[in-house]
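In: Below is the sequence, then the predicted model.
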Amino acid sequence: MESTGKYWIPVFNILEESCNICLAHPKYVKAIRGKKTDKKDAQWMTDLFCYRMKLTQLQVSEKNRYQNCLAWSNLQIASVVSDVFGKSAQAIIKSIRDNPENKPNIEQLVHKRMKNKVQDLEIAMDGDVTPKQAEKVKVIKVHYNALAICKKDLEQMIWELGAEYSQEVKLIQTVSDFKEELSALRVISEIGSNMTVFESAGKLCSWAGLVPANNESIGKKYSTRISKGGRYLKPFLVQIANAVVKSDKHSELRNKYLKLKRRRRHRKAIIAICRRLLVSITKCYENKKTTILFYKG
């Protein structure tokens, strides 16, 4: 069955119980024979993780909007504190938001570790907040908190669904920087728990969009860009890979990244590290060994 927008979902739901359906993209169906089919729980986790990512993006948008409102009122607290949503910063902003006409007593509001920044905070918070701006800041903060609550509820649902994948989670957690249970569950939600549907680790990497194209005709090479596959898995692996290469704990992957970066630049080098991480996960699945391994790929 060819996936077209959302129109295939009702037909797929009806035929799934009585037929063995392969949902495929016409561009890749000839190149990749394997298909990802897994339990309902893994599929449902995929939907929840996609929604969680959307909520995270909304939270980032609200954070930026929040800081823009503060800058519009000439409140430059972001130049003094590292996190505007921290406890001390929020106490100061709440005091200004509730009483826009009065200056807050910053020394009483900040944490004891920030006592040496009181003078800088007083200069940064010497702005002009109108009642309308204060109300807008309040609405943005309420929306941000509501998104955080929804995100927390989603994570609870994901943990409940992922309880049956405890063994797979332990295997994935042995790979570099997949220490958190939620990170391991996110990988399982994308690739499933049964690796037999892929002929090899290379097939899985191709399905995830981590393999360069081999586009050559009559001796002339065309674009070798990676495919658009792995819409949700690939950005997550890139995030993990960026953390791995910045850490001194994983010297082999870091050295490999630096070596590739000199020749291929950052983007191609980081995709190569992503592929190694995914191959390592595949090998852990196959060998059922909870040891940290770095497989070449």
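Out: On my side now, so go ahead.

In: I'd like to know how far the nearest residue to Pro104 once chain neighbours are set aside sits from Gln119.
Out: Spatial nearest neighbour of Pro104, chain neighbours left out: Ser95 (3.8 Å); criterion: C-beta to C-beta, 6 or more residues apart in numbering. No exception for glycine: its C-beta is placed from N, CA and C like everyone else's. Distance from Ser95 to Gln119, counting by C-beta to C-beta, to the nearest Å: 17 Å.

In: more neighbours, those two?
Out: Ranked by neighbour count (other C-beta atoms under 10 Å), Ser95 and Gln119 place Ser95 first, with 18 against 11.

In: tell me which element the more buried one is part of?
Out: helix 87-98 (DSSP states H and E).

In: Spell out, range by range, the helices that occur in the stretch 1-150 of the chain.
Out: 8-15, 40-72, 87-98, 106-109, 118-124, 131-161 (DSSP state H, counting those that start in this stretch).

In: Need the ones you listed in TSV (columns: distance to Leu204).
Out: Formatted as TSV, these follow (distance: least, C-beta to C-beta, whole Å):
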stretch	distance to Leu204
helix 8-15	23
helix 40-72	15
helix 87-98	44
helix 106-109	52
helix 118-124	50
helix 131-161	22
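
In: ranking the ones you listed by burial, who's on top?
Out: Mean neighbour count (mean count of other C-beta atoms under 10 Å) peaks for helix 87-98 among these, with a mean of 18.

In: and whichever strand or helix holds Leu258, average pLDDT?
Out: Assessed by DSSP H and E, Leu258 sits inside helix 251-287. Helix 251-287 comes out with an average pLDDT of 90.

In: What of stretch 92-105?
Out: Per-residue scores along stretch 92-105 average to 84.

In: And for stretch 199-216?
Out: On average, stretch 199-216 scores 85.

In: can you check stretch 11-22 too?
Out: Across stretch 11-22, the per-residue pLDDT values average to 79.

In: and if you look at stretch 165-184?
Out: pLDDT averaged over stretch 165-184 gives 87.

In: From start to finish, how long is that stretch in a straight line?
Out: 10 Å (C-alpha to C-alpha, to the nearest Å).

In: any idea how far that stretch is from the chain center?
Out: 15 Å (C-alpha atoms, centre = their mean, to the nearest Å).

In: what comes up buried for that stretch?
Out: Using 16 or more other C-beta atoms under 10 Å as the test for burial, stretch 165-184 gives 165, 168-169, 171-178, 181, 183-184.

In: quick revisit: what inclination does the helix holding Ser95 have with respect to helix 40-72?
Out: Helix 87-98 runs at 60 degrees relative to helix 40-72, counting by axes from the mean of the first three to the mean of the last three C-alpha atoms, to 10 degrees.

In: Output the contacting helices and strands for helix 87-98.
Out: In terms of contacts (3 or more C-beta pairs under 8 Å, 6 or more residues apart in numbering; DSSP states H and E), helix 87-98 is packed against helix 106-109, helix 131-161.

In: how about the helix holding Leu258: buried residues?
Out: Buried-residue list, helix 251-287, by 16+ other C-beta under 10 Å: 253-254, 256-257, 260-261, 269-285.

In: and that helix, how far out from the chain's middle?
Out: That offset, for helix 251-287, works out to 18 Å (C-alpha atoms, centre = their mean).

In: Could you do stretch 56-65 as well?
Out: 14 Å.

In: can you check stretch 213-228 too?
Out: So, by C-alpha atoms, centre = their mean, the centroid of stretch 213-228 is 29 Å from its chain's centroid.

In: Can you point out the buried residues in it?
Out: Ile226, Ser227.

In: first to last residue in it, what's the distance?
Out: Stretch 213-228 end-to-end distance (C-alpha to C-alpha) = 11 Å.

In: ok, now which ones touch the residue nearest to the spatial centre of the chain?
Out: By C-alpha atoms, centre = their mean, the chain has its centre lying nearest to Phe236, at 4.5 Å. Shown in contact with Phe236 (C-beta atoms under 8 Å, 6 or more residues apart in numbering): Ser183, Arg186, Val187, Glu190.

In: Checking my notes, it in a helix, right?
Out: Yes: with DSSP: H, G, I helix; E, B strand; the rest coil as the criterion, Phe236 is part of a helix.

In: Relative to Ser61, how far out is it?
Out: 20 Å.

In: From Val80, how far off is Met125?
Out: Met125 is 9 Å from Val80, where distance means C-beta to C-beta.

In: Please apply the same query to Gln133.
Out: For Gln133 relative to Val80 (C-beta to C-beta), the value is 20 Å.

In: Could you do Leu70 as well?
Out: 12 Å.

In: coming back round to it: take the helices and strands packed on helix 87-98 and write them to JSON lines, including distance to Leu210.
Out: Compiled in JSON lines, the helices and strands packed on helix 87-98 are given as follows (distance: least, C-beta to C-beta, whole Å):
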{"stretch": "helix 106-109", "distance to Leu210": "48"}
{"stretch": "helix 131-161", "distance to Leu210": "24"}
